[in-house]
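Novice: How does the following fold in three dimensions:
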Amino acid sequence: MVSSVTNLGRSGLYDWVVQRLSAVILAIYTLFLFGFVVASPELTFAEWHGLFSQVWMKVFSLAALISICAHAWVGLWTISTDYITGSTALRFLFQLVTASFLFSYLVWGIDILWSV
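Specialist: Down below sits the predicted model:
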């Protein structure tokens, strides 16, 4: 059996669960934001700032941010193992660049989110 140390989970089932759970969190977050925007036709910056300055919204947004990074990692890891088959070094480089971008986005998002 071949094992990979670059995937998020230790098995395909774990990665599948991570991707489905992250998709559910992202769907709920998207529906909530859509509902908030629709329910507030005259949305002002003060209302938007008020929403994102609440701790529960910061935690909810943090969960969505972590979910999008996990979801993207599992998806791009799967793509890299399926389509970059000729060179292990090229696949590892792709995964390293992907992980670097996702980590940067996560840190940047946390900085933005908790500075409100």
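
Novice: Look at the residue most central in space within the chain and give its secondary structure.
Specialist: The residue lying closest to the centre of the chain (C-alpha atoms, centre = their mean) is residue 68, at 1.4 Å. Per DSSP: H, G, I helix; E, B strand; the rest coil, the secondary structure class of residue 68 is helix.

Novice: Contacts only, for it.
Specialist: 22, 26 (C-beta atoms under 8 Å, 6 or more residues apart in numbering). (Glycine included, C-beta is placed from N, CA and C.)

Novice: 7 Å instead?
Specialist: residue 26 (C-beta atoms under 7 Å, 6 or more residues apart in numbering).

Novice: how near is it to residue 116?
Specialist: 18 Å (C-beta to C-beta, to the nearest Å).

Novice: Tell me the buried residues in stretch 39-56?
Specialist: residue 51 (16 or more other C-beta atoms under 10 Å).

Novice: before we move on, what about stretch 74-81?
Specialist: Across stretch 74-81, burial judged by 16+ other C-beta under 10 Å covers 74, 76, 77, 80.

Novice: Quick one: the helices in the chain, in order.
Specialist: 12-39, 45-52, 55-83, 88-114 (DSSP state H).

Novice: With respect to burial, which of those scores highest?
Specialist: helix 55-83 (a mean of 16; mean count of other C-beta atoms under 10 Å).

Novice: chain center to that one, what's the gap?
Specialist: Distance of helix 55-83 from the chain centroid (C-alpha atoms, centre = their mean, to the nearest Å) equals 2 Å.

Novice: do the same with stretch 42-49
Specialist: Distance, centroid of stretch 42-49 to centroid of chain: 25 Å (C-alpha atoms, centre = their mean).

Novice: still on that earlier bit, format the helices of the chain as a markdown table; extra columns: mean pLDDT.
Specialist: Output for the helices of the chain, formatted as a markdown table (pLDDT from 0 to 100):
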| stretch | mean pLDDT |
| --- | --- |
| helix 12-39 | 95 |
| helix 45-52 | 94 |
| helix 55-83 | 95 |
| helix 88-114 | 96 |
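
Novice: Can you give me the distance of residue 101 to residue 24?
Specialist: From residue 101 to residue 24 the distance is 24 Å (C-beta to C-beta).
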